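Participant: I need the structure of the sequence given here:
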Amino acid sequence: MSYGMSARAYIERAESCLHQHDPKYFFYAAFEMRCAVEKRMREYLDAWDHVSRKQKQGWEITKLGSATERAFQTDRVMRWRVEDEHTGKTLVVLYYTPVTRKLRSNAQRLSNYLHAPKKYHPETDAWWSEFRGLLEEMLLQLHDATTGTLLGPALKKGNQIQMTTDVPPDTDIGLTHVKGATMKVQIDHLDELPKTLEQEAVVWKRMESQRP
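Facilitator: Numbers count the residues shown, from 1 in each chain. Model (predicted):
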(Lines give C-alpha, C1' and ligand atoms only; values in the text may rest on other atoms or scores of the structure.)
Protein backbone atom coordinates (compact mmCIF):
# COMPACT_ATOMS: atom_id res chain seq x y z
CA MET A 1 0.00 0.00 0.00
CA SER A 2 1.31 3.43 -0.96
CA TYR A 3 0.98 6.22 1.61
CA GLY A 4 1.59 9.53 -0.14
CA MET A 5 3.32 12.17 1.95
CA SER A 6 2.75 15.31 -0.10
CA ALA A 7 0.49 18.02 1.28
CA ARG A 8 -2.13 17.14 -1.33
CA ALA A 9 -2.01 13.45 -0.37
CA TYR A 10 -2.68 14.32 3.27
CA ILE A 11 -5.58 16.55 2.21
CA GLU A 12 -7.08 13.83 0.03
CA ARG A 13 -7.10 11.35 2.92
CA ALA A 14 -8.51 13.96 5.31
CA GLU A 15 -11.35 14.71 2.93
CA SER A 16 -12.07 11.01 2.52
CA CYS A 17 -12.35 10.69 6.31
CA LEU A 18 -14.80 13.58 6.51
CA HIS A 19 -16.99 11.96 3.88
CA GLN A 20 -17.44 8.92 6.13
CA HIS A 21 -19.95 10.86 8.27
CA ASP A 22 -18.80 8.90 11.30
CA PRO A 23 -17.47 10.90 14.27
CA LYS A 24 -14.57 8.54 14.88
CA TYR A 25 -13.12 9.54 11.49
CA PHE A 26 -12.91 13.16 12.60
CA PHE A 27 -9.78 12.28 14.56
CA TYR A 28 -8.12 10.66 11.56
CA ALA A 29 -9.03 13.69 9.45
CA ALA A 30 -7.54 15.99 12.08
CA PHE A 31 -4.23 14.10 12.03
CA GLU A 32 -4.04 14.22 8.23
CA MET A 33 -4.84 17.95 8.19
CA ARG A 34 -2.22 18.79 10.75
CA CYS A 35 0.33 16.87 8.68
CA ALA A 36 -0.84 18.69 5.55
CA VAL A 37 -0.21 22.08 7.16
CA GLU A 38 3.29 21.08 8.28
CA LYS A 39 4.13 19.48 4.94
CA ARG A 40 2.94 22.41 2.84
CA MET A 41 5.20 24.81 4.72
CA ARG A 42 8.11 22.40 4.32
CA GLU A 43 7.41 22.15 0.59
CA TYR A 44 7.85 25.93 0.41
CA LEU A 45 11.00 26.03 2.51
CA ASP A 46 12.66 23.03 0.84
CA ALA A 47 12.49 24.74 -2.56
CA TRP A 48 14.83 27.59 -1.62
CA ASP A 49 18.58 27.64 -1.02
CA HIS A 50 18.57 30.70 1.23
CA VAL A 51 16.56 28.84 3.89
CA SER A 52 18.74 27.10 6.46
CA ARG A 53 18.77 23.33 6.84
CA LYS A 54 17.63 23.69 10.45
CA GLN A 55 14.55 25.66 9.42
CA LYS A 56 13.69 23.10 6.74
CA GLN A 57 13.81 20.26 9.25
CA GLY A 58 11.40 21.84 11.71
CA TRP A 59 8.01 20.35 12.48
CA GLU A 60 6.38 22.70 14.99
CA ILE A 61 3.73 24.77 13.27
CA THR A 62 4.70 28.00 15.06
CA LYS A 63 8.36 27.66 14.08
CA LEU A 64 7.60 26.62 10.50
CA GLY A 65 5.23 29.58 10.17
CA SER A 66 7.87 31.98 11.46
CA ALA A 67 10.42 30.45 9.07
CA THR A 68 8.18 30.93 6.03
CA GLU A 69 7.40 34.53 6.94
CA ARG A 70 11.11 35.29 7.44
CA ALA A 71 12.03 33.56 4.18
CA PHE A 72 9.39 35.25 2.03
CA GLN A 73 8.59 38.45 3.97
CA THR A 74 4.87 38.00 3.41
CA ASP A 75 1.80 36.11 4.59
CA ARG A 76 -0.32 37.17 1.60
CA VAL A 77 -1.29 35.58 -1.69
CA MET A 78 0.93 36.71 -4.57
CA ARG A 79 -0.37 36.82 -8.15
CA TRP A 80 2.21 36.89 -10.96
CA ARG A 81 0.51 37.94 -14.21
CA VAL A 82 2.42 37.90 -17.52
CA GLU A 83 0.96 40.02 -20.32
CA ASP A 84 1.84 40.77 -23.95
CA GLU A 85 2.98 44.39 -23.65
CA HIS A 86 1.66 45.33 -27.10
CA THR A 87 -1.76 43.68 -27.04
CA GLY A 88 -2.40 43.65 -23.30
CA LYS A 89 -3.39 39.99 -23.57
CA THR A 90 -2.78 37.91 -20.46
CA LEU A 91 -0.46 35.02 -21.31
CA VAL A 92 -0.23 33.23 -17.99
CA VAL A 93 -1.05 33.78 -14.31
CA LEU A 94 0.76 32.09 -11.42
CA TYR A 95 -0.12 32.18 -7.74
CA TYR A 96 1.74 31.78 -4.48
CA THR A 97 -0.82 30.61 -1.93
CA PRO A 98 0.69 30.62 1.57
CA VAL A 99 -0.27 28.67 4.65
CA THR A 100 -1.96 31.62 6.29
CA ARG A 101 -1.78 32.59 9.94
CA LYS A 102 -5.45 31.66 10.29
CA LEU A 103 -4.81 28.16 8.93
CA ARG A 104 -1.82 27.73 11.23
CA SER A 105 -3.91 28.87 14.17
CA ASN A 106 -6.62 26.36 13.27
CA ALA A 107 -4.04 23.59 13.01
CA GLN A 108 -2.88 24.36 16.52
CA ARG A 109 -6.49 24.24 17.75
CA LEU A 110 -6.59 20.60 16.64
CA SER A 111 -4.53 19.81 19.73
CA ASN A 112 -7.73 20.32 21.73
CA TYR A 113 -9.16 17.26 19.99
CA LEU A 114 -6.13 15.01 19.55
CA HIS A 115 -5.84 14.09 23.22
CA ALA A 116 -8.07 11.85 25.28
CA PRO A 117 -11.06 14.05 26.28
CA LYS A 118 -11.56 14.70 29.97
CA LYS A 119 -15.24 13.86 29.76
CA TYR A 120 -17.64 11.92 27.57
CA HIS A 121 -19.33 13.80 24.72
CA PRO A 122 -22.61 12.27 23.44
CA GLU A 123 -23.28 12.62 19.72
CA THR A 124 -25.75 15.45 20.42
CA ASP A 125 -23.08 17.47 22.21
CA ALA A 126 -22.09 20.70 20.42
CA TRP A 127 -18.47 19.58 20.91
CA TRP A 128 -18.83 17.33 17.85
CA SER A 129 -20.36 19.96 15.57
CA GLU A 130 -17.66 22.43 16.59
CA PHE A 131 -15.00 19.82 15.82
CA ARG A 132 -16.46 19.12 12.39
CA GLY A 133 -16.87 22.84 11.70
CA LEU A 134 -13.16 23.38 12.39
CA LEU A 135 -12.22 20.51 10.07
CA GLU A 136 -14.43 21.79 7.26
CA GLU A 137 -12.99 25.28 7.58
CA MET A 138 -9.46 23.89 7.49
CA LEU A 139 -10.24 21.78 4.43
CA LEU A 140 -11.18 24.91 2.48
CA GLN A 141 -8.07 26.70 3.71
CA LEU A 142 -5.86 23.77 2.76
CA HIS A 143 -7.33 23.56 -0.73
CA ASP A 144 -6.46 27.24 -1.18
CA ALA A 145 -2.94 26.76 0.23
CA THR A 146 -2.23 24.00 -2.29
CA THR A 147 -3.84 25.64 -5.33
CA GLY A 148 -0.86 27.83 -6.23
CA THR A 149 2.02 26.58 -8.34
CA LEU A 150 4.64 29.01 -6.99
CA LEU A 151 6.59 27.49 -4.11
CA GLY A 152 7.03 30.87 -2.53
CA PRO A 153 6.71 34.39 -3.94
CA ALA A 154 9.09 35.57 -6.64
CA LEU A 155 12.23 36.91 -4.93
CA LYS A 156 14.73 39.42 -6.23
CA LYS A 157 18.41 38.45 -6.22
CA GLY A 158 20.62 41.12 -7.66
CA ASN A 159 19.23 42.02 -11.08
CA GLN A 160 17.36 38.75 -11.38
CA ILE A 161 14.00 37.46 -10.21
CA GLN A 162 13.98 33.92 -8.83
CA MET A 163 10.90 31.71 -8.98
CA THR A 164 10.33 28.08 -8.08
CA THR A 165 7.27 26.29 -9.39
CA ASP A 166 5.46 23.00 -8.95
CA VAL A 167 3.03 22.66 -11.86
CA PRO A 168 0.55 19.92 -12.77
CA PRO A 169 2.00 17.31 -15.14
CA ASP A 170 -0.20 18.34 -18.08
CA THR A 171 0.92 22.00 -17.98
CA ASP A 172 2.02 23.56 -21.27
CA ILE A 173 5.32 25.20 -20.31
CA GLY A 174 5.23 27.14 -23.58
CA LEU A 175 2.52 29.37 -22.15
CA THR A 176 5.09 31.86 -20.89
CA HIS A 177 7.06 32.02 -24.14
CA VAL A 178 5.33 33.65 -27.11
CA LYS A 179 7.54 34.22 -30.13
CA GLY A 180 8.00 37.89 -30.95
CA ALA A 181 6.11 39.08 -27.87
CA THR A 182 7.43 41.64 -25.41
CA MET A 183 6.21 40.57 -22.02
CA LYS A 184 5.17 42.68 -19.06
CA VAL A 185 4.82 41.32 -15.55
CA GLN A 186 2.29 42.57 -13.04
CA ILE A 187 2.60 41.45 -9.42
CA ASP A 188 -0.30 41.80 -7.01
CA HIS A 189 -0.46 40.94 -3.32
CA LEU A 190 -3.91 39.82 -2.24
CA ASP A 191 -5.53 39.17 1.12
CA GLU A 192 -7.01 35.90 -0.16
CA LEU A 193 -7.14 33.69 -3.23
CA PRO A 194 -9.89 34.85 -5.63
CA LYS A 195 -12.88 32.53 -5.69
CA THR A 196 -12.89 32.68 -9.49
CA LEU A 197 -9.49 32.33 -11.13
CA GLU A 198 -8.37 33.58 -14.50
CA GLN A 199 -8.65 31.24 -17.47
CA GLU A 200 -4.90 31.67 -17.95
CA ALA A 201 -4.07 30.68 -14.36
CA VAL A 202 -1.76 27.69 -14.02
CA VAL A 203 -2.92 26.09 -10.79
CA TRP A 204 -3.59 22.77 -9.17
CA LYS A 205 -7.24 21.96 -9.61
CA ARG A 206 -9.44 23.00 -6.74
CA MET A 207 -12.56 21.07 -5.82
CA GLU A 208 -15.13 23.72 -6.67
CA SER A 209 -17.81 21.77 -4.78
CA GLN A 210 -15.90 22.65 -1.62
CA ARG A 211 -15.89 26.38 -2.25
CA PRO A 212 -18.36 28.48 -0.21
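Participant: Contacts made by stretch 188-196 with the rest, please.
Facilitator: Stretch 188-196 is contacted from outside by 74, 76-79, 81, 95, 97, 144, 147-148, 211, using CB atoms under 8 Å, 6 or more residues apart in numbering. No exception for glycine: its C-beta is placed from N, CA and C like everyone else's.
Participant: Quick check on the residues you listed: which are buried?
Facilitator: The neighbour-count criterion (16 or more other CB atoms under 10 Å) marks 76-79, 81, 95, 97, 144, 147-148 among the contacts of stretch 188-196 as buried.
Participant: Out of the contacts of stretch 188-196, list just those in strands.
Facilitator: Assigned to strands by DSSP state E, the following of the contacts of stretch 188-196 qualify: 77-79, 81, 95.
Participant: Could you double-check that residue 131 sits in contact with residue 26?
Facilitator: Yes: distance between residue 131 and residue 26: 5.5 Å, which falls inside the contact criterion (CB atoms under 8 Å).
Participant: Comparing the two, which shows the higher neighbour count?
Facilitator: The neighbour count for residue 131 versus residue 26, taken as other CB atoms under 10 Å, is higher for residue 131 (21 against 18).
Participant: Make sure the more buried one is indeed in a strand.
Facilitator: No: following the definition DSSP: H, G, I helix; E, B strand; the rest coil, residue 131 is helix and is not counted among the residues of a strand.
Participant: dump the residue contacts of it.
Facilitator: With contacts defined as CB under 8 Å, 6+ apart, the neighbours of residue 131 are 26, 30, 113.
Participant: got a list of what the second one touches?
Facilitator: The reference is to residue 30. Under the criterion of CB under 8 Å, 6+ apart, the neighbours of residue 30 are 14, 110, 113-114, 131, 135.
Participant: of all these, which comes closest to residue 60?
Facilitator: For those, the residue nearest residue 60 by CB to CB is residue 110; the value is 13.5 Å.
Participant: my guess is the closest one is in a helix, correct?
Facilitator: Yes: using three-state DSSP, the assignment for residue 110 is a helix.
Participant: Could you check how far it is from residue 40?
Facilitator: If you measure residue 110 against residue 40 using CB to CB, to the nearest Å, the figure is 15 Å.
Participant: Now do the phi/psi pair for residue 188.
Facilitator: According to degrees, to the nearest 10, the main-chain angles of residue 188 amount to phi -120, psi 140.
Participant: May I see the buried residues of the lengthiest helix in the chain?
Facilitator: With secondary structure taken from DSSP state H, the chain has its longest helix at helix 24-46. Of the residues in helix 24-46, those with enough neighbours to count as buried (16+ other CB under 10 Å) are 25-26, 28-45.
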